[in-house]
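# 3D model of this:
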Amino acid sequence: MLNVNYKNIVNSISQLTDRDVEVVAVTKNRSIGEIREVISAGARILGENRIEEAFEKFIERGLKAEFPEVQVHMIGHLQSKKVKKAMEIFDCVQSLDSKKLAGKLNAACGEAGKTIDVLIEVNVSGEEQKYGVAPGDVEELVEELKLLKNVRLKGLMAMAPFTFDKEIQRETFRGLRKLSDKLSEKFGSDYFQVLSMGMSNDYQVAVEEGANMVRIGTAIFED
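Take a look at the predicted model:
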């Protein structure tokens, strides 16, 4: 079933756009067997929300060593006190939302002799309960990231409000795309290669509005 679900999502995206769109299979709360199955279906990027759960699956139980070709992305809020453990697990932190976190990541990676990709999480909709940088504060954070040697800015990430109103979804995604275009013009396209937006209930709208990465869990793992 996971094989069919994953391939159906890939096919549905290909019908919406000719662009390459990466599917992040969100494996939060999923078993080792389910993760192996979705990798066999073709998933090459996995997304996790919680440090402890991800560490147990990918480090302690060896999934990262078993599948070295598969990237693991942090898509949930990352506390700065958990940065060192996160660095062992993740190839990319999609939820960078502060200078403090950027500095902690840079220092931990420097000590370990590695670099890590990051996306800036933007709170486009301005919802108080959501993490993320306000759109007007993103430029300042970009300037900071440009100075760091061990953190590579690759783009932006956002979540739309949880709603089935496609126009509200579209407004959020369009806002992030416009911000990405503006920042790309100012700072260079190398910093804004990735536009990660869209989840199980709204990824099609996100793709229509320019997403080249979507984060999907429920639509892959549940009937």
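# wait, doesn't V124 sit right on G175?
Yes: taking contacts as C-beta atoms under 8 Å, V124 lies within contact range of G175: 4.6 Å. Just so you know, the C-beta spots here come from the backbone N, C-alpha and C atoms, and that holds for glycine as well.
# Tell me which residues are up against the longest helix seen in the chain.
Looking only at the chain and at elements set by DSSP state H, the helix with the highest residue count is helix 166-187. The contact list for helix 166-187 (C-beta atoms under 8 Å, 6 or more residues apart in numbering) reads 122, 124-125, 135, 138-139, 142, 146, 155-156, 158-161, 163, 191-192, 195, 197-198, 202, 205-206, 208-211.
# related to what we said a few turns ago, between V124 and G175, point out the one with more neighbours.
Just comparing V124 and G175: by other C-beta atoms under 10 Å the higher neighbour count belongs to V124, 26 against 18.
# For this protein, give me the ranges with low pLDDT.
In the predicted model, the chain carries no residue with pLDDT under 70.
# quick one: the strands in it?
In the chain, strands defined by DSSP state E lie at 22-26, 45-48, 71-74, 92-96, 116-121, 151-158, 194-197, 213-216, listed in chain order.
# I'd like these laid out as a markdown table, including mean neighbour count and distance to G103.
Supplementary listing: the strands of the chain in a markdown table, determined by neighbours: other C-beta atoms under 10 Å; distance: least, C-beta to C-beta, whole Å:
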| stretch | mean neighbour count | distance to G103 |
| --- | --- | --- |
| strand 22-26 | 24 | 26 |
| strand 45-48 | 24 | 23 |
| strand 71-74 | 23 | 17 |
| strand 92-96 | 25 | 11 |
| strand 116-121 | 24 | 12 |
| strand 151-158 | 24 | 9 |
| strand 194-197 | 26 | 22 |
| strand 213-216 | 24 | 25 |
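# okay if I get these as JSON lines plus distance to L179?
Below are the strands of the chain laid out as JSON lines (distance: least, C-beta to C-beta, whole Å):
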{"stretch": "strand 22-26", "distance to L179": "20"}
{"stretch": "strand 45-48", "distance to L179": "22"}
{"stretch": "strand 71-74", "distance to L179": "20"}
{"stretch": "strand 92-96", "distance to L179": "15"}
{"stretch": "strand 116-121", "distance to L179": "10"}
{"stretch": "strand 151-158", "distance to L179": "7"}
{"stretch": "strand 194-197", "distance to L179": "10"}
{"stretch": "strand 213-216", "distance to L179": "16"}
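# how about the longest helix of the chain: buried residues?
Within helix 166-187, the residues that count as buried by 16 or more other C-beta atoms under 10 Å are 168-177, 179-180, 183-184, 187.
# Out of those, the closest to R19 would be?
R177 (12.2 Å; C-beta to C-beta).
# for the protein, which residue is closest to the average position?
Closest residue to the average C-alpha location of the chain: Q94 at 4.0 Å, with C-alpha atoms, centre = their mean.
# how far away is it from S12?
Counting by C-beta to C-beta, to the nearest Å, the gap from Q94 to S12 is 22 Å.
# picking that back up, which of the contacts of helix 166-187 fall in helices?
Secondary structure assignment (DSSP H) places 138-139, 142, 205-206, 208 from the contacts of helix 166-187 within helices.
# phi, psi of D202?
phi -140, psi 10 (degrees, to the nearest 10).
# ok, the nearest residue to it once chain neighbours are set aside to Y131 distance?
Once flanking residues are discounted, D202 sits nearest to Q169: 4.5 Å by C-beta to C-beta, 6 or more residues apart in numbering. Distance from Q169 to Y131, counting by C-beta to C-beta: 19 Å.
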